[in-house]
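Visitor: Let me see the structure of the following:
(chains A and B)
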Amino acid sequence: MSATGNPVMALRGVCAALGARPVLRGIDLEVVGGEVVALLGANGSGKSTTVRAAVGQVPLTGGELELFGKPLRRFRQWRRVGYVPQRSTATAGVPATVREVVSAGRLARRGLRPLGRADRTAVARALDLVGLADRAGDSVDELSGGQHQRVLIARALAGEPELLIMDEPLAGVDLASQQILADALSEEVSRGSSVLLVLHELGPLAPVIDRTVVLRSGRVERVEHPEQLHDLACHPLDAAGRLPGAAEAPKIETGLLT
Amino acid sequence: MIELLDYPFMQRALLAALLVGIAAPAVGIYLVQRRQAIMGDGIGHVALTGVALGFLLSSNPVWTAVLVSSLGAVAMELVRWYGKARGDIALAMLFYGGMAGGVMIINMAPGGSTGKLNTFLFGSITTVSVEDLGAIVVLSMFVLAVCLGLRRQLFAVCQDEEFARVTGLPVRLLNLLLAVTAAVTVTVSMRVVGLLLISALMVIPVAAAQQVTRGFAATLAASIGVGVAVALSGTVVSYHADVPPGASIVLLAIAVFALVTLAAVPLTRRRARIAARQESAEPADGVVLEKTASGSTPSAP
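Guide: Alright, predicted model coming up:
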């Protein structure tokens, strides 16, 4: 899990607004190759907006955003990015099997060509990683909320991304499934992937995470290594102060200090 | 039964019905998936202006209808993008405007009257000309090429638009293409089913199919099967009963939907029983989880 290499994602002074309300007020954030970064913070602190801005789904009102060293507007290699959106409660009007939904994750690699053996293997592997191999032929409507969440994660994994961006992947997922996801993530990271994910609590993912970034009111408040966070599940904004060693996270400059 | 194939007009009508029976559900499934089942209806209203324009310019109404309804469908798509709050009002105005424009223009055309629109509103098997059939074949090939050839892309866009955008799919282009394809389908079908009833053939076969299917591909195949069956049999009924084919096709489609829905009840119960039996066979979810977890975890020292 050694974080090495160049930044795969870099946000510098990123500002964004939803409607007239500014949500991000100058976010500085970098994810380097092989690193797992968790975004934490209270509701409305800008976590989801940060990741949605990072994948170009929220327009920036200021600052710079680079993916794999390219400015967002010139970035075209979307197959290198795997995205897990926040689970939508709305289901589509037509049934779809788990395999069909997960196969959509291969589109970035296939273009207009039909799916081949490599695609089927990648889809099967992704389903196996999230523990849903035996449900591949079932309709996604028949799944529970947590299982549905795992389908969306498998869809992102199926594209074999180098950077995985996940918006609250653990929402509604039980502990046993969280453990499965933690295993799946460490497997991906061991293959050299980087991860940026929004969490409410670290849970079983804590050992996988290299760095946590706490947001507050659209700014980076703190950068910590997970083991230094004090009871984060209960008090994400706990003002316990910086523990020794927190300065070892030099890649982040907090918006508050500028 | 066979003798009706001796009439050239019936041959043309049945061929047109076959193509429409395939094309309408093939487009409709994406509209249903995106919960825009009513869009076909709106396009049908707008196409009416195109038909009337064809009479006014004394050109083939199929082509003017394709043009005007495509413009209308693109306008609806643009409303969906930009006018989130008042979108439904804008759509309603487009519907009514299309209808009113059609009535207005047809009465301005030389020798035209509202009655002339009847065959376009509810379909008419005797009026499928050789010229019309040529247009229907060409246009339905376009529809099938889009709906079947790009099914994975369109599926992804209609299932989860945000994910599709992050995958790098040209989502706006695909949405516009789908809108134009829906407009072309409406126009292709107006001779057989009619502009006011075409939306039914786009939606009902899909609704019937998904009572018994679990996946998208299966739903697509089954709904095309239903579409072809009701379009052909409805055309034959229309010949014997001397009624507009749109009426018989749509009533047959609704009958199929009702039958499938009734038949699906015992099927669902059986599935539930099988699932319950499987769960009692491998009792704890945790067993499966453990198995998979240990299988996929890299061997840690």
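Visitor: which ones are touching residue A:123?
Guide: Residues in contact with residue A:123 (CB atoms under 8 Å, 6 or more residues apart in numbering or on different chains) are A:99, A:102-103, A:105-106, A:154, A:158. (Glycine included, C-beta is placed from N, CA and C.)
Visitor: Can you flag which of those residues belong to helices?
Guide: Among the contacts of residue A:123, DSSP state H puts A:99, A:102-103, A:154, A:158 in helices.
Visitor: where along the chain do the helices fall?
Guide: By default, I'm working from chain A. A:47-54, A:98-103, A:107-110, A:117-129, A:145-158, A:175-190.
Visitor: if you could check chain B rather than the one you did, that'd help
Guide: So, for chain B - with DSSP H - the helices run B:8-33, B:39-56, B:61-82, B:87-108, B:118-122, B:130-149, B:151-159, B:161-166, B:171-189, B:198-209, B:216-241, B:245-281, B:285-296.
Visitor: The third one near chain A anywhere?
Guide: No - applying CB under 8 Å from any CB of the partner chain, one finds helix B:61-82 separated from chain A by no less than 14.0 Å.
Visitor: so what's the residue of chain A found nearest chain B closest to, chain neighbours aside?
Guide: Using CB to the nearest CB, residue A:78 is the residue of chain A that sits closest to chain B, at 3.2 Å. In this structure, residue A:78 finds its nearest non-sequential neighbour in residue B:168, 3.2 Å apart by CB to CB, 6 or more residues apart in numbering or on different chains.
Visitor: Residue B:181 now?
Guide: Using CB to CB, 6+ apart, the nearest residue to residue B:181 is residue B:146, at 4.7 Å.
Visitor: wouldn't that neighbour be in contact with residue B:179 here?
Guide: No - applying CB atoms under 8 Å, one finds residue B:146 not in contact with residue B:179, separated by 11.0 Å.
Visitor: quick one: low-confidence ranges for the stretch 101-250 of chain A?
Guide: Flagging of the stretch 101-250 of chain A using pLDDT under 70 yields the residue ranges A:226-250.
Visitor: With adjacent residues omitted, what lies nearest to residue B:257?
Guide: Nearest-residue entry for residue B:257: residue B:208, 4.2 Å, with adjacent residues in sequence omitted and distances by CB to CB, 6+ apart.
Visitor: Please name the residues that touch the residue in the stretch 151-300 of chain B positioned nearest to chain A.
Guide: Closest to chain A within the stretch 151-300 of chain B is residue B:168: 3.2 Å, counting by CB to the nearest CB. With contact taken as CB under 8 Å, 6+ apart, residue B:168 is in contact with A:76-79, A:108.
Visitor: And for residue B:180?
Guide: B:70, B:73-74.
Visitor: same thing with residue B:229?
Guide: With CB under 8 Å, 6+ apart, residue B:229 has these contacts: B:21, B:256.
Visitor: sorry, back to before: quick one, grab the pLDDT at the residue of the stretch 151-300 of chain B closest to chain A.
Guide: We have a pLDDT of 89 for residue B:168.
Visitor: I'd say residue A:195 and residue A:33 touch.
Guide: No - contact criterion CB under 8 Å: residue A:195 and residue A:33 do not qualify, at 11.1 Å.
Visitor: And those two? Which one has more around it.
Guide: residue A:195 (26 against 17; other CB atoms under 10 Å in any protein chain shown).
Visitor: give me the number of residues near residue B:104?
Guide: 12.
Visitor: who's in contact with it?
Guide: Neighbouring residues of residue B:104 by CB under 8 Å, 6+ apart: residue B:52.
Visitor: Tell me the spacing between it and chain A.
Guide: 35 Å (CB to the nearest CB, to the nearest Å).
Visitor: Give the closest residue to residue A:69 in space, chain neighbours not counted.
Guide: Using CB to CB, 6+ apart, the closest residue to residue A:69 is residue A:6 (6.5 Å).
Visitor: From the contacts of residue B:180, keep the buried residues only.
Guide: Listed as buried from the contacts of residue B:180 are B:70, B:73; burial here means 16 or more other CB atoms under 10 Å in any protein chain shown.
Visitor: so which of the contacts of residue B:168 is the most crowded?
Guide: Top of the contacts of residue B:168 by neighbour count (other CB under 10 Å): residue A:108, with 23 neighbours.
Visitor: wait, what's in contact with that residue?
Guide: A:78-79, A:159, B:167-169 are the contacts of residue A:108 under CB under 8 Å, 6+ apart.
Visitor: now those residues in JSON lines, with distance to residue A:12?
Guide: Formatted as JSON lines, the entries for the contacts of residue A:108 read as follows, by distance: CB to CB, whole Å:
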{"residue": "A:78", "distance to residue A:12": "21"}
{"residue": "A:79", "distance to residue A:12": "25"}
{"residue": "A:159", "distance to residue A:12": "27"}
{"residue": "B:167", "distance to residue A:12": "26"}
{"residue": "B:168", "distance to residue A:12": "23"}
{"residue": "B:169", "distance to residue A:12": "28"}
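Visitor: Among those, which are located in strands?
Guide: When those are checked against strands using DSSP state E, none is located there.
Visitor: Run through the residues of the stretch 1-150 of chain A sitting next to chain B.
Guide: Proximity of the stretch 1-150 of chain A to chain B, by CB under 8 Å from any CB, involves residues A:55-57, A:76-79, A:81, A:83, A:85, A:88, A:92-97, A:99-101, A:103-105, A:107-108, A:110, A:112, A:115, A:128-129, A:131, A:133-134, A:137-139, A:142.
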